[in-house]
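In: Have a look; sequence and predicted model below, questions after that.
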Amino acid sequence: MHRIVYLERESIIADVRRPDFPHHWAEHPKTLQHEVRGRLAGATMAIVNKLQIDAELIAALPALQMVAVAATGTNNVDLDACRARGIVVSNVRGYAAHTVPEHVLALLLTLSRNILAYRLAVADGKWQRSEQFCFFDYPIRDLHGATLALIGSGSLGNAVAKLAGAFGMHVLRCERKDATSIRPGYTPFVEGLGRADAVSLHCPLTAATTHLIGESELRAMKPSALLINTARGGLVDEAALARALHEGWIAGAGFDVLSVEPPRAGNVLLAPELLALPNFVLTPHVAWASRPAMQALADQLIANLEAFARGEPQHRVA
């Protein structure tokens with residue numbers, strides 16, 4: 001009988017049904033990293049979200065047969081170590097196909113229309129003191145006719161492209177940064193950055209994509225351009241972004257992710273003077289978290305366990 005241990009149950013708000021095969025189920029609202037080994041002792045299936053499952057831990061868990069990741073990103077799991085042990089790793093996919101793209105467009109609209117600046121101005125009484133029916137202190141730009149460069153063309157990037165097209169935006173798909181050839185329909189990486197009015201990131205965090213956007217890439221963008229990141233914080237050199245916002249290399253940024261989450265030790269992007277800027281929006285990794293999306297995630301998570309138990313693993317990454 002499988003022993004299933006769910007280590008981070010509070011990471012989603014959803015009805016998580018029990019699998020339809022014989023099993024023992026144990027769940028923990030939250031788990032600290034130093035508690036993982038003890039809680040997974042004897043487990044054949046582990047459900048994790050952001051906890052680290054590294055080679056040392058895997059070696060200490062001889063009964064483990066499957067790691068079910070309750071997310072799409074799997075950079076917290078040592079996939080090579082799992083492959084070496086024959087441990088199946090499955091993730092969940094497509095559940096955020098609506099909620100993340102909508103968050104991207106919300107960030108784009110907030111920044112391009114200067115909504116934060118106008119909201120603060122109203123709160124300060126500026127509208128009330130205006131000599132006419134409105135005031136135009138902060139520039140407003142339409143998404144219609146603007147160029148959006150997408151870095152990453154998976155399901156989320158494609159869904160963002162669809163929404164952007166509905167707004168009348170021109171969409172560029174950027175080729176990989178280190179590409180030696182350009183695929184049909186793609187734009188060279190640096191060229192795409194330079195042509196874009198907004199850049200949105202939708203690629204996984206790997207050794208090759210860490211700090212994909214650094215000082216040189218930020219300086220390659222238009223001073224009027226926006227940078228949107230709902231993927232992984234480590235894709236961007238955060239110190240370089242802070243400088244870019246302070247010194248005006250780009251017009252603004254909308255982020256839903258940081259390099260370390262939660263940011264208990266602080267982060268340069270959490271500096272009060274940066275958070276006070278009307279051209280910087282930071283949300284706490286919630287782009288994925290609509291209630292329908294979380295329920296879809298939970299349903300697919302259990303379906304992955306059931307597929308493995310049938311001997312037909314699905315959504316495998318290892």
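Out: Cool, the structure landed. Numbers count the residues shown, from 1 in each chain.
In: Where does A179 fall, secondary structure wise?
Out: Following DSSP states H and E, there is no helix or strand that holds A179.
In: Quick check: it vs Y186, distance?
Out: Using CB to CB, to the nearest Å, A179 is found at 8 Å from Y186. In this view, the C-beta of every residue, glycine as well, is placed from N, C-alpha and C.
In: From the neighbour counts alone, determine which of the two ranks first.
Out: A side-by-side neighbour count of A179 and Y186, using other CB atoms under 10 Å, places Y186 first with 17 against 12.
In: and the residue lying closest to the more buried one once chain neighbours are set aside, what does it touch?
Out: Sequence neighbours aside, E175 is the residue nearest to Y186 in space, at 4.3 Å (criterion: CB to CB, 6 or more residues apart in numbering). By CB atoms under 8 Å, 6 or more residues apart in numbering, E175 lies in contact with 182-183, 186-189, 192.
In: what about the strands in this structure?
Out: 2-6, 23-27, 45-48, 66-69, 88-90, 147-151, 170-173, 198-201, 226-229, 252-255, 280-282 (DSSP state E).
In: Any chance of those strands in a markdown table with mean neighbour count, distance to A244 and mean pLDDT as columns?
Out: Shown next, in a markdown table, are these (neighbours: other CB atoms under 10 Å; distance: least, CB to CB, whole Å; pLDDT from 0 to 100):
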| stretch | mean neighbour count | distance to A244 | mean pLDDT |
| --- | --- | --- | --- |
| strand 2-6 | 21 | 40 | 98 |
| strand 23-27 | 14 | 43 | 98 |
| strand 45-48 | 25 | 34 | 98 |
| strand 66-69 | 25 | 33 | 98 |
| strand 88-90 | 22 | 36 | 98 |
| strand 147-151 | 25 | 16 | 98 |
| strand 170-173 | 18 | 20 | 98 |
| strand 198-201 | 28 | 12 | 98 |
| strand 226-229 | 28 | 8 | 98 |
| strand 252-255 | 25 | 8 | 98 |
| strand 280-282 | 20 | 10 | 98 |
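In: closest to I58 out of the ones you listed?
Out: strand 66-69 (8.7 Å; CB to CB).
In: mind listing what that closest one pairs with, with the direction of each?
Out: Strand pairing for strand 66-69, using DSSP bridges, gives strand 45-48 (parallel), strand 88-90 (parallel).
In: which residues touch the first one?
Out: Contacts to strand 45-48, defined as CB under 8 Å, 6+ apart, come from residues 2-8, 23, 40, 53, 61, 64-70, 76-77, 301, 305, 308.
In: do the same with the last one
Out: Taking contacts as CB under 8 Å, 6+ apart, the residues outside strand 88-90 that touch it are 65-69, 74, 77, 79, 82, 304, 307-308, 313-318.
In: From the residues you listed, keep the buried residues only.
Out: With burial judged by 16 or more other CB atoms under 10 Å, the buried subset of the contacts of strand 88-90 is 65-69, 74, 77, 82, 304, 307-308, 313, 315, 317-318.
In: and E10, how many neighbours?
Out: A count of neighbours around E10, defined by other CB under 10 Å, yields 11.
In: For it, which non-adjacent residue is spatially closest?
Out: P29 (4.4 Å).
In: Surely that neighbour touches R9?
Out: Yes. P29 is in contact with R9 according to CB atoms under 8 Å; the separation is 5.3 Å.
In: When these two are compared, which one has more neighbours?
Out: Neighbour totals were compared for P29 and R9, and R9 leads with 16 against 10 (other CB under 10 Å).
In: Relative to I12, how far out is the residue nearest to that one when sequence neighbours are not counted?
Out: Counting by CB to CB, 6+ apart, R9 lies nearest to E27, which is 4.5 Å off, once chain neighbours are set aside. Here E27 is placed at a distance of 12 Å from I12 (CB to CB).
In: Next: E238.
Out: E238 sits 27 Å away from I12 when distances are taken as CB to CB.
In: Quick one: residues contacting A244.
Out: Taking CB under 8 Å, 6+ apart, we find A244 in contact with 215, 218-219, 250, 253.
In: hmm, 7 Å instead?
Out: 218, 250 (CB atoms under 7 Å, 6 or more residues apart in numbering).
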